[in-house]
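# task: produce atomic coordinates for the following.
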Amino acid sequence: MHKIPAIQSDSTFFVPVAMSTCTTKSINQPYPKREILMTPVEPLIESNRTHDIFADFHKVECAIRLLLSNDNYLLRKSCSERSITHKLAQYLEYHYNGLDVDCEYNLNISGSRGKKSIQFLEHRFHELSIPRRGRAIQNEFGDDLIEICVSPDVIIHKRGTNSKNTAIIEVKKQGGRDEEYQFDREKLAFYTDQKCDFRYPIGYLINLPHGKELSKAVEVILYSNGVQIESISLPNDQVGNTLAAQASEST
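Predicted coordinates:
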């Protein structure tokens with residue numbers, strides 16, 4: 001496996017003073033530039049967009065680290081994914097000025113019924129054992145499809161238009177059902193497919209450690225143009241703080 005150089009984001013981000021980990025001493029000081037070491041991947045995206053995707057990942061990474069630092073209680077207690085994604089969305093808001101960051105947003109301005117949905121070929125739907133009920137439809141070519149209504153965990157976009165779709169995120173707690181995990185992968189491939197309605201440039205599947213497995217790394221899988229382009233492991237640097245918190249609670 002060949003080596004590639006580290007890619008450095010030249011973006012600067014601002015976060016509240018109260019938030020540790022990704023916080024600087026003053027709210028007026030930018031979040032410092034950091035090198036993001038990426039594993040080699042085939043050039044599945046246009047070269048002029050590569051930097052944009054890495055810069056976007058830098059924002060998502062910062063939000064994840066803030067979540068681990070400030071809200072590891074939710075992960076330690078294996079709280080619901082909705083509670084966790086709500087906090088993640090709050091931290092993302094600081095990095096996407098002028099855009100909306102929404103949880104479980106099911107509207108689609110260009111959808112036939114005004115709702116977000118994705119379609120599977122019928123045989124593919126059954127092959128994957130998709131854990132959802134769908135509606136049988138046919139496309140213009142006469143193919144039998146199953147349409148499923150969806151509500152992504154977090155999206156960064158502009159309400160009322162699909163022209164500002166920026167990033168889409170599905171979150172899973174590690175150790176869940178394989179069918180649910182595979183369903184999220186299929187959804188992200190669809191959301192980022194440039195031939196489909198949504199055409200998100202980047203999608204993320206974030207697998208979070210929780211409970212007794214909290215010491216594990218966070219796994220982040222990136223999607224673009226309908227395919228997986230990268231898998232990144234983020235060490236959980238907050239395990240020491242978590243153990244201290246547990247000791248405090250037991251006294």
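# so where's the stretch 101-250 of the chain uncertain?
Applying pLDDT under 70 to the stretch 101-250 of the chain flags residues 111-112, 238-250.
# in the protein, which spans are helices?
Here the chain has its helices, by DSSP state H, at 47-70, 72-76, 81-93, 122-127, 178-191, 239-250.
# how far does the shortest one sit from the chain's center?
Helix 72-76 sits 18 Å away from the centroid of its parent chain (Cα atoms, centre = their mean, to the nearest Å).
# which strands and helices lie in contact with it?
helix 81-93, helix 239-250 (3 or more Cβ pairs under 8 Å, 6 or more residues apart in numbering; DSSP states H and E). Placement of C-beta: from N, CA and C, glycine included.
# show me the contacts for the most centrally placed residue in the chain.
With distances taken as Cα atoms, centre = their mean, I169 lies nearest the centre of the chain, 2.8 Å away. Residues near I169 by Cβ atoms under 8 Å, 6 or more residues apart in numbering: 60, 85, 88, 152-155, 203-206.
# which strand residues bridge it?
V154, Y204 (DSSP bridges).
# if I look at K216, how far off is K164?
Applying Cβ to Cβ, to the nearest Å, the value for K216 to K164 is 35 Å.
# the more surrounded of the two?
K216 (17 against 13; other Cβ atoms under 10 Å).
# was I right about that one contacting L208?
No. Taking contacts as Cβ atoms under 8 Å, K216 lies outside contact range of L208: 9.1 Å.
# mutual contacts of the two, please.
What both K216 and L208 touch, as defined by Cβ under 8 Å, 6+ apart, is the set Q174.
# can you tell me what sits against stretch 127-144?
Residues from elsewhere that reach stretch 127-144 (Cβ under 8 Å, 6+ apart): 119-122, 125, 145-148, 177, 179-180, 182-183, 186.
# tell me the two of the residues you listed that are most distant?
Maximum pairwise distance among the contacts of stretch 127-144 (Cβ to Cβ): 23.9 Å, between L145 and R177.
# could you report the pLDDT at L92?
Here, the pLDDT recorded for L92 equals 97.
# make sure it is actually in contact with I155.
No. Assessed by Cβ under 8 Å, L92 is found out of contact with I155, at 10.0 Å.
# who has more neighbours, L145 and R177?
L145 (18 against 11).
# tell me how far the nearest residue to the more buried one once chain neighbours are set aside lies from D144.
Counting by Cβ to Cβ, 6 or more residues apart in numbering, L145 lies nearest to Q119, which is 4.5 Å off, once chain neighbours are set aside. Distance, Q119 to D144, using Cβ to Cβ: 10 Å.
# could you do S163 as well?
S163 is 32 Å from D144, where distance means Cβ to Cβ.
# how about L214?
Going from L214 to D144 by Cβ to Cβ gives 44 Å.
# got it, and E179?
21 Å.
# equivalent analysis for C103, please.
Taking Cβ to Cβ, one finds C103 at 33 Å from D144.
# just checking, R185 touches N207?
No. R185 sits out of contact with N207 when judged by Cβ under 8 Å, with a separation of 10.9 Å.
# hey, what's in contact with both of the two?
Here R185 and N207 have I221 as joint contacts, going by Cβ under 8 Å, 6+ apart.
# alright, that wraps it up for me.
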